[in-house]
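> Sequence and computational prediction follow.
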Amino acid sequence: MTWTGGLAPLFKGVRTFELTPQPGGATSFVMQERFSGLMLPFVGRALPDFGPVFEQYAADLKREAERGASLQAVTEP
């Protein structure tokens, strides 16, 4: 899944979410964000470090996915 925002060609942000099935029923999750555009050299330094926010998002997603899996296991006959 990809989210795109901004006002190209001035500034554009593209956030990509990738889910890949792994052996044993697990799923790999990768999230990336890339910025581009003519204004990037001017606004790039003002952008926050998204690393901690992405880490928290991934941890929350993992927790909810595992919670859903455990709830499903409890309710299945």
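Good, I have the coordinates. Numbering: from 1, shown residues only.

> Could you give the bridge partners of G6?
Listed by DSSP bridges, the beta-bridge partners for G6 are K12.

> contacting residues around it?
For G6, the contact set (CB atoms under 8 Å, 6 or more residues apart in numbering) comprises K12, G13, G37. Where you see a C-beta, it was placed from the backbone N, CA and C, and this is true even at glycine.

> same deal with L38?
L38 makes contact with P9, L10, F11 under the criterion CB under 8 Å, 6+ apart.

> chain center to stretch 35-47, what's the gap?
From the chain centre to the centre of stretch 35-47 is a distance of 20 Å (CA atoms, centre = their mean, to the nearest Å).

> Can you get me the start-to-end distance on that stretch?
By CA to CA, to the nearest Å, the extent of stretch 35-47 from end to end equals 10 Å.

> Rounded mean pLDDT for that stretch, please.
In this model, stretch 35-47 carries a mean pLDDT of 92.

> Name the residues of that stretch that come out as buried.
Judged by neighbour count (16 or more other CB atoms under 10 Å), stretch 35-47 contains these buried residues: G37, L40.

> residue nearest the centroid of this protein?
Centroid check for the chain by CA atoms, centre = their mean gives M31 as the closest residue, at 3.3 Å.

> which residues does that one bridge with?
Bridge pairing for M31 - DSSP bridges - gives F17.

> ok, it touching T16?
Yes - under the criterion of CB atoms under 8 Å, M31 makes contact with T16 at 7.0 Å.

> Strands of the chain, start to end?
Secondary structure of the chain, counting by DSSP state E: strands at 2-7, 11-21, 27-36.

> out of these, which comes closest to A65?
For A65, the closest of the strands of the chain is strand 27-36, at 7.5 Å, according to CB to CB.

> related to what we said a few turns ago, with pLDDT as added columns, please give the contacts of L38 in TSV.
Compiled in TSV, the contacts of L38 are given as follows (pLDDT from 0 to 100):
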residue	pLDDT
P9	94
L10	95
F11	94
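
> Now, of those residues, which are buried?
Applying the neighbour count, that is 16+ other CB under 10 Å, the buried entries in these are F11.

> Low-confidence ranges, this protein, go.
Within the chain, the ranges that satisfy pLDDT under 70 run 69-77.
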